[in-house]
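> Sequence below, structure please.
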Amino acid sequence: MNSPEGATEIAIRTHTIGHLFSSYDPSPFREKDLDTGVEEFLTGWVRELPKGTPFNIVVHLPPEEAAKPEADGIPEAFAHYFEYRTEVARHELRELFRIGRFSLAIGIVVLIACLTASQLAAALIPNEVVAGIVEESLIIVGWVANWRPIEIYLYDWVPIRRRIRLFSQLAAAPVRVKAG
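The predicted model follows:
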């Protein structure tokens, strides 16, 4: 659905304001977590939009719910929630890179030790076949020790970065409440 400004309109219809938020969260209204279903609905919609497509969120409530003072706080509550989710994902990315650095340090030490041991094995083992097997095995172990940091720096960060971008977009999205 397109709104008058040319932005895609993501519409949420609910019977009460309370259905938008997690009933388990005891936080004040503007700091409450969104209901899991609401979050999944919004993130699913935004993921489906072509990259760079402007969008806004419209919450449709019955007139008696839209007239409540809490209805005015819905845009702020949505922005606050997705800003929080953005920060959590950023923290997750920093933690992943910290683990990557630690894993890489261990992997490099193991690789150096294995390469050194493979050279020693080649020189100390008189049987060339056995020496070759030991040498190649140690080289493989050294590289396998670097599997995890390589995986982190090549692939694992990408979906987290996408989530950060998604949550940032949702935090910045205009949110309107409509009666009816």
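> going forward, measure contacts and count neighbours with C-alpha atoms only.
Will do.
> pLDDT below threshold where in this protein?
1-5 (pLDDT under 70).
> quick one, strands of it?
Residue ranges of the strands in the chain, as given by DSSP state E, are 8-13, 55-61, 175-179.
> Let me know which of those strands is the nearest to A113.
strand 55-61 (54.4 Å; C-alpha to C-alpha).
> ok and the closest one relative to strand 175-179, angle-wise?
Relative orientation of strand 55-61 and strand 175-179, computed by axes from the mean of the first three to the mean of the last three C-alpha atoms, to 10 degrees: 30 degrees.
> G107 reaches A145, doesn't it?
Yes - the pair G107 and A145 passes the contact test of C-alpha atoms under 8 Å, sitting 4.9 Å apart.
> quick one, which of those two is more surrounded?
For G107 versus A145, neighbours defined as other C-alpha atoms under 10 Å are more numerous around G107 (22 against 19).
> A172: how many residues sit nearby?
For A172, the count of nearby residues is 16 (other C-alpha under 10 Å).
> so who does it touch?
A79 (C-alpha atoms under 8 Å, 6 or more residues apart in numbering).
> Can you spell out the domain ranges of this structure, please?
By the assignment in automatic domain parsing, the chain contains the domains 8-87+162-179, 93-157.
> picking up where we left off before, highest average neighbour count across the strands of the chain?
Compared across the strands of the chain, strand 55-61 shows the largest average neighbour count, a mean of 21 (mean count of other C-alpha atoms under 10 Å).
> Quick one: distance of that strand to the chain centre.
24 Å (C-alpha atoms, centre = their mean, to the nearest Å).
> just stretch 41-58 next, same as before
Worked out by C-alpha atoms, centre = their mean, stretch 41-58 lies 16 Å from the chain centre.
> burial of F102, as a residue count?
Using other C-alpha under 10 Å: F102 sits among 12 other residues.
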